[in-house]
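Visitor: Fold the following and give me the result.
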Amino acid sequence: MSGEDMKIGCVVMAAGNARRFGDNKLARELAGKSLIRRAMEAVPAEEFSTVAVVTQYPEVEALAEEFGFLTVRNLHPDWGISHTIYLGLAALGECGAAMFLVSDQPLLRRETVKAEVDFFRRHPDKLVGLSHSGVRGNPCIFPAKYFAELRELREDHGGSTVIRRHKNELLLFETAAEELTDVDTEQALWGLRPHRD
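Guide: All right, here's what the predicted structure looks like:
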């Protein structure tokens, strides 16, 4: 199948306990918008066959439904990111590739995510990661040939574990450093300068 015709799913990962932050950081706001709303607004839904939001939070499920996304309840967030990946893949059903998008990069732009998907469609057998100056960040796109390895991940081993095994298959899609900035602490959130919406 050509990349142009390939069905690509998207998993929005919003199930973590955010221990370093101290509470549900996804509800925190930057310039009047919660981090999770900013994450969902960064998803170009028309590019994906299914967008699945994996979360432990009812308020995140409600917001996902507002966006028309599929909601997946993670009853065991303590099992680590691997369980979120497993649930997300199961929810996507049959597709040729999956993007995994984290929810704590509030400066990530929808246009950038769309451009990354377009880039992947030109290289549909490769792993693709968003990057700045050659340093990989998120989101990343995995062709279906890597799904089995993703499903076998355990505890807090995420997609990076699979990527490290196949470094020669990785292509990077360059963007501005700010878009890759993730928010793990209050201080990190305070230091951000949002785009003009």
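Visitor: show me where the chain has strands.
Guide: With strands called from DSSP state E, the chain shows them at 8-14, 29-30, 33-34, 50-55, 70-73, 97-102, 127-132, 135-143, 170-174.
Visitor: mind checking how far stretch 45-52 is from the chain centre?
Guide: With C-alpha atoms, centre = their mean, to the nearest Å as the basis, stretch 45-52 stands 12 Å off its chain's centre.
Visitor: measure it end to end?
Guide: 10 Å (C-alpha to C-alpha, to the nearest Å).
Visitor: Show me which positions of that stretch end up buried.
Guide: Using 16 or more other C-beta atoms under 10 Å as the burial criterion, the residues of stretch 45-52 that qualify are 47-52. In short, each C-beta sits where N, CA and C put it, glycine included.
Visitor: Now pLDDT and distance to A115 too, for those residues, in CSV please.
Guide: What follows is those, written out as CSV (pLDDT from 0 to 100; distance: C-beta to C-beta, whole Å):
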residue, pLDDT, distance to A115
E47, 98, 10
F48, 98, 14
S49, 97, 19
T50, 98, 20
V51, 98, 17
A52, 98, 22
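Visitor: Now for those: which two are most distant?
Guide: The two members of the buried residues of stretch 45-52 with the most space between them (C-beta to C-beta) are E47 and A52, at 14.1 Å.
Visitor: before we move on, back to that, which of the strands of the chain has the highest mean neighbour count?
Guide: strand 8-14 (a mean of 27; mean count of other C-beta atoms under 10 Å).
Visitor: And it, what does it pack against?
Guide: helix 35-41, strand 50-55, helix 81-92, strand 97-102, helix 110-121 (3 or more C-beta pairs under 8 Å, 6 or more residues apart in numbering; DSSP states H and E).
Visitor: quick check: mean pLDDT across the last one?
Guide: Confidence over helix 110-121 (mean pLDDT, whole number) is 98.
Visitor: That one: which residues count as buried?
Guide: Buried residues in helix 110-121 (16+ other C-beta under 10 Å): 112-113, 115-117, 119-121.
Visitor: that older thread, A42 is nearest to which of the strands of the chain?
Guide: Here strand 97-102 is closest among these (C-beta to C-beta), at 7.1 Å.
Visitor: Apart from its neighbours in sequence, what residue is nearest the most centrally placed residue in the chain?
Guide: Most central in the chain under C-alpha atoms, centre = their mean is L101, positioned 0.6 Å from the mean C-alpha point. Nearest non-adjacent residue to L101, counting by C-beta to C-beta, 6 or more residues apart in numbering: P139, 4.2 Å away.
Visitor: show me what contacts K114?
Guide: Contacts here follow C-beta atoms under 8 Å, 6 or more residues apart in numbering; on that basis K114 touches 44, 47.
Visitor: change it to 10 Å
Guide: Contacts for K114 were tallied using C-beta atoms under 10 Å, 6 or more residues apart in numbering; they are 42-44, 46-47.
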